[in-house]
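Chemist: model this:
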Amino acid sequence: MREGIQSLLAELGEGSCLALSICEIGKPGLSEEEALGFIIKGIKKGYIYYDENNRNNPKNCFVENRDGFMDIVTGQKGWKSTTEKPDYRPRKDERIIECWRWNEKINAKVINHTHFKLSNWDPYKNSNTLKYGYLESLRVFRRKAS
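Modeler: Sure, this is the predicted structure:
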């Protein structure tokens, strides 16, 4: 087992909503163990950012290459994703992830929170970002035309 696995798991618990959502749309109903394996592969390939020397790095768990990570999860190459407005009407062959935003005001400071989920599945129960925020955009995944 890798040294620092507990730190990685703690970070994944806080910041992997996009990675987990990609796992769920790429392979619906997969096990938690399988999702974790895909995320670790994504980190090793550089598709998911993770700074093991700085647990507080705000970029930790950020999916830098959504298409490459979707390739890993589905086992199929050729995915293309875009960011669309919340009122976008998806085609039947597209897979959608919602991006929620909450601009929390604490004293005179604004803290921006982002959360990703599916319309019928949420990796984080009772998210304050979902409760107090708004649907900002959609991540739309489709297979590239051959």
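Chemist: The helix or strand of the chain with the lowest mean pLDDT: which residues count as buried?
Modeler: In the chain, the helix or strand scored least confidently by mean pLDDT, DSSP states H and E is helix 5-15, which has a mean of 72. Across helix 5-15, burial judged by 16 or more other Cβ atoms under 10 Å covers 8, 11, 12, 15. Just so you know, the C-beta spots here come from the backbone N, C-alpha and C atoms, and that holds for glycine as well.
Chemist: Can you add distance to residue 56 and give these back as TSV?
Modeler: TSV is the format used below for these (distance: Cβ to Cβ, whole Å):
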residue	distance to residue 56
8	14
11	9
12	15
15	11
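Chemist: residues of the helix or strand encompassing residue 39 that come out buried?
Modeler: Per DSSP states H and E, residue 39 falls inside helix 32-45. Across helix 32-45, burial judged by 16+ other Cβ under 10 Å covers 35, 36, 38, 39, 40, 42, 43.
Chemist: same deal with stretch 101-117?
Modeler: 102, 114, 115, 116, 117.
Chemist: May I have the distance across that stretch, first residue to last?
Modeler: 12 Å (Cα to Cα, to the nearest Å).
Chemist: who's in contact with that stretch?
Modeler: 17-18, 21, 97-100, 123-124, 127-130, 132-134, 136, 139 (Cβ atoms under 8 Å, 6 or more residues apart in numbering).
Chemist: Phi and psi next, for residue 112.
Modeler: Backbone torsions for residue 112, taken as degrees, to the nearest 10, come to phi -90, psi 130.
Chemist: follow-up on the earlier one: downstream neighbour of the least confident helix or strand of the chain in the secondary structure list?
Modeler: helix 17-26.
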